Each structure stands twice: as structure tokens, then as C-alpha cells.
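Visitor: Curious how this folds, go ahead:
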Amino acid sequence: MVASQPRLAKKFKRLPKGENGGVQLLLTQNVDHVGKQGQVVEVKAGHANNYLLPQGLAIVATDHHKRMVEKHKARLLEIERQRLSGLQALADKIAQQSITIEANANDEGHLYGSVGAVEIVAALKATDIHVTTDQIRLTGPLKELGLYTVKVHLHQEIETDLKVWVVPTAT
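Guide: Coordinates of the predicted model:
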């Protein structure tokens, strides 16, 4: 039995140790409770050998891999910067818009129903602006005739105001 132990040692490569005694890995995908894609993390050897490496969620953190990730991150940052500039242009376009929504109302100006995000998105779509209902931030449904200022949340850093006129339907 003692003679077979050296063969086992040759079969498994030693993984590079981190500062805290764990194994340093580069994550290829987001892993809950470990880190995000592209991060160099330090985990216990058992977690690395039994889960992260066999599942393809991480690779050994070599200098070559780290350089490749930095280049990839730079490309992703440029793409994100372009996306943000496009969203900012859309926010400026939305801020200049004023949409009108017709709704059934009584003589006092109270609506029989209400105007919600779905109606606002449909009115914006008619002006060739495409947003989703979860990007419309209403404090509550619009239940009366009048002018409302509605927040449109395009990104965590980009939010704009939209003027919404609720008018009675022409009969």
C-alpha cells in the first residue's frame, strides 16, 4: 500500500495556495456566496476540487488567465459605457416627451378605472419609445384627470421624468 501513494500524488496536481491557505481560482461564472465572473477568489481545496473545477465554474488563477480577464473586462466596460450613453440619450428623449392618455371619467374628474404603467408604456410605444412596464415608477395608479410627472427608471444610474396628461375621452 505504501508504494501506491506516490502514484496518487502524481495523479493530482497541486493547486496554488492563496494568502489564507486556500486555493486561488478565477471564476468563469457567477457563483452564489463565492463571487462574480472574472473575480479571483480564495476557497477551500475541497470546494475547488469537488465543485468549482469539475463544474467548470472556475479555473486555476494563473497570471495568463488574469491578464485575459483584464482585457475582457476592458472590452465589457467599453460596451457598458456605450450602452449607458444610449440609455442617457433615450432618457433625454423621454424627458422632452409629453404623452396624452384618454380615459373614461365622471363630471368631477374621477376616472372610472385607472391609468397604470401598461397604458403609459403603450402611449410611449406609439411615439416610438420602447420601455417596459417595470421601468415606469408610479407612486400609485392615476385615478383623476390632470397632469402627472412619472419617473422612468432606465438604469440604476439613469432616471428621468415623463409628463403624462390624463384627459377625458371624447364622446
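Visitor: Pull the number of nearby residues for the nearest residue to residue 168 once chain neighbours are set aside.
Guide: Distances taken as CB to CB, 6 or more residues apart in numbering put residue 105 closest to residue 168, at 4.7 Å, once the chain neighbours are dropped. For the C-beta atoms, the positions are set from N, CA and C on the backbone; glycine is no exception. Residues contacting residue 105 under the criterion other CB atoms under 10 Å number 18.
Visitor: Name whatever forms a beta bridge with residue 105.
Guide: residue 111 (DSSP bridges).
Visitor: just how off-centre is the longest helix seen in the chain within its chain?
Guide: The longest helix of the chain (DSSP state H) is helix 63-96. Here helix 63-96 is found 13 Å from its chain centre; the criterion is CA atoms, centre = their mean, to the nearest Å.
Visitor: helix or strand right after it?
Guide: Going down the chain from helix 63-96, the next helix or strand is strand 98-103, by DSSP states H and E.
Visitor: partner strands of that following strand, parallel or antiparallel?
Guide: Under the criterion DSSP bridges, strand 98-103 sits next to strand 158-168 (parallel) in its sheet.
Visitor: Would you quantify the distance from residue 135 to residue 110?
Guide: 27 Å (CB to CB, to the nearest Å).
Visitor: how far away is residue 131 from residue 158?
Guide: To residue 158, residue 131 is 12 Å away according to CB to CB.
Visitor: more crowded one of these two?
Guide: Neighbours per residue (other CB under 10 Å) separate residue 131 from residue 158, with residue 131 holding more: 18 against 14.
Visitor: my read: the more buried one touches residue 122, true?
Guide: No. With contact defined as CB atoms under 8 Å, residue 131 does not reach residue 122; the gap is 10.7 Å.
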